[in-house]
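*Asks:* Pasted the sequence and its predicted model underneath.
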Amino acid sequence: MDSAPRVSALIVSYNTRELLVECVASVVDEPGVETIVVDNASSDGSADAVAERFPAVTLIRSQLNLGFAGGVNRAAAAAHGDALLVLNPDARLCPGALGLLLEVLAQEPRAALVGPTLRYPDGGWQASAFLFPGLVQVFLDLFPIDRLVDSRLNGRVGPSRAGQPVAVDYPLGACMLVRRAAWETVGPLDEGYFMYLEEIDWCRRARRHGWQVWHQPAAVAVHHGGAATRQQPDAMFTQLWRSRLRYYQRFHGPIMNRLVHAVVRLGLWAHAGPAGSRRAALIGAVRRLAE
């Protein structure tokens, strides 16, 4: 690329070879975009597939699994763009989406980050914009009520009636365009989160610095969801709750944390299953995190 890129696409991969190829293909030919892939010690030939199919991509082969935050931070350190497009390897941008996201950054000078509408591969709507989580969300995670799961009470923000960009608390981290100036002010993702909630943490910190977070419903990305995490469901279940408890510890006071821990212990006890089962052992390990 002869001139400085306007956008650096940052993709962190772990054993998602076929989906990774689709992901890279959705951004690599966008004008003014450099693509950086960090491969987190995959064993399925993901890195070789990128090197063979996309020689112009900057490929970083990590010998260790750095986690999502660690991988994004390593990619960001190598990036040159004025904006950073964080894109999951199981997601792909639809035509025109990047331009619409860039328009929001151009029109809203305090916008640190903007996310698109997410859809499943079958076209179904996927929750993609949220309010910061609280005690209600913890309760509904453990005791789901169908009619409330996708409601605003559970932190889900639907598209505005006019279909225009709207300020939100945070997007799903599968696809988000970050202003470079905001990244440098707020700092990188917190690598204390190996997986999950790192984007929520970053958006909380951005708000403390006076930045805004936006959702652009007209921009669309397809997101399969869980392609990497479902490979190790037990470990990822534990990581999810470790991250959730870390988040509440960082951003809420002792009373809120005691309530959160109590709800977590109660909820996981209710779902533990027969004593001695693998599920009971797994949930018991997570409950101990909340003690």
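*Replies:* Perfect, I can see it now. Numbering: from 1, shown residues only.
*Asks:* Assign the most centrally placed residue in the chain to one of the three secondary structure states.
*Replies:* With distances taken as C-alpha atoms, centre = their mean, the chain has Gly173 as the residue nearest its mean C-alpha position (2.0 Å). Under DSSP: H, G, I helix; E, B strand; the rest coil, Gly173 falls in the coil class.
*Asks:* how far away is it from Val57?
*Replies:* To Val57, Gly173 is 21 Å away according to C-beta to C-beta, to the nearest Å. Backbone N, C-alpha and C define where each C-beta goes, glycine included.
*Asks:* and stretch 256-276, average pLDDT?
*Replies:* The pLDDT scores in stretch 256-276 average 77.
*Asks:* quick one, what contacts the closest residue in space to the residue nearest to the centre of the chain that isn't next to it in sequence?
*Replies:* Nearest non-adjacent residue to Gly173, counting by C-beta to C-beta, 6 or more residues apart in numbering: Glu199, 3.5 Å away. Contacts for Glu199 (C-beta atoms under 8 Å, 6 or more residues apart in numbering) come out as 86, 170-173, 176, 189.
*Asks:* Output the residues you listed as a markdown table; include the columns distance to Pro144.
*Replies:* Converted to a markdown table, the contacts of Glu199 look like this (distance: C-beta to C-beta, whole Å):
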| residue | distance to Pro144 |
| --- | --- |
| Val86 | 28 |
| Tyr170 | 21 |
| Pro171 | 22 |
| Leu172 | 18 |
| Gly173 | 22 |
| Met176 | 26 |
| Leu189 | 28 |
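*Asks:* could you dump these to CSV with distance to Leu131 and pLDDT?
*Replies:* Formatted as CSV, the contacts of Glu199 follow (distance: C-beta to C-beta, whole Å; pLDDT from 0 to 100):
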residue, distance to Leu131, pLDDT
Val86, 20, 98
Tyr170, 8, 97
Pro171, 12, 97
Leu172, 13, 95
Gly173, 15, 94
Met176, 16, 98
Leu189, 20, 97
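*Asks:* Looking at those residues, spot the one nearest Phe251.
*Replies:* Nearest to Phe251 among the contacts of Glu199 is Tyr170, at 12.0 Å by C-beta to C-beta.
*Asks:* if we can go back for a sec, would you confirm that the residue nearest to the centre of the chain contacts Glu198?
*Replies:* Yes - with contact defined as C-beta atoms under 8 Å, Gly173 and Glu198 form a contacting pair (6.7 Å).
*Asks:* Which residues are in contact with each of the two?
*Replies:* Phe68.
*Asks:* Checking my notes, Val178 in a helix, right?
*Replies:* No - Val178 is assigned strand when assessed by three-state DSSP, not a helix.
*Asks:* Dig out what it forms beta bridges with.
*Replies:* Going by DSSP bridges, Val178 is paired in beta bridges with Leu84, Leu113.
*Asks:* could you measure Gly210 against Leu84, distance?
*Replies:* In terms of C-beta to C-beta, Gly210 sits 19 Å off from Leu84.
*Asks:* I meant to write Glu22 there.
*Replies:* 21 Å.
*Asks:* cool, Glu52 as well?
*Replies:* 26 Å.
*Asks:* for Gly187, same thing?
*Replies:* For Gly187, the distance to Leu84 - C-beta to C-beta - is 13 Å.
*Asks:* More neighbours: which of the two?
*Replies:* Leu84 (23 against 13; other C-beta atoms under 10 Å).
*Asks:* who's in contact with the more buried one?
*Replies:* The neighbourhood of Leu84, defined by C-beta under 8 Å, 6+ apart, consists of 7-8, 10, 76, 177-178, 180, 183.
*Asks:* try 10 Å this time
*Replies:* By C-beta atoms under 10 Å, 6 or more residues apart in numbering, Leu84 lies in contact with 7-10, 36, 72, 75-76, 113, 176-180, 182-183.
*Asks:* out of the residues you listed, who's nearest Ser62?
*Replies:* Closest to Ser62, out of all of the contacts of Leu84 and judged by C-beta to C-beta, is Ala75, at 10.2 Å.
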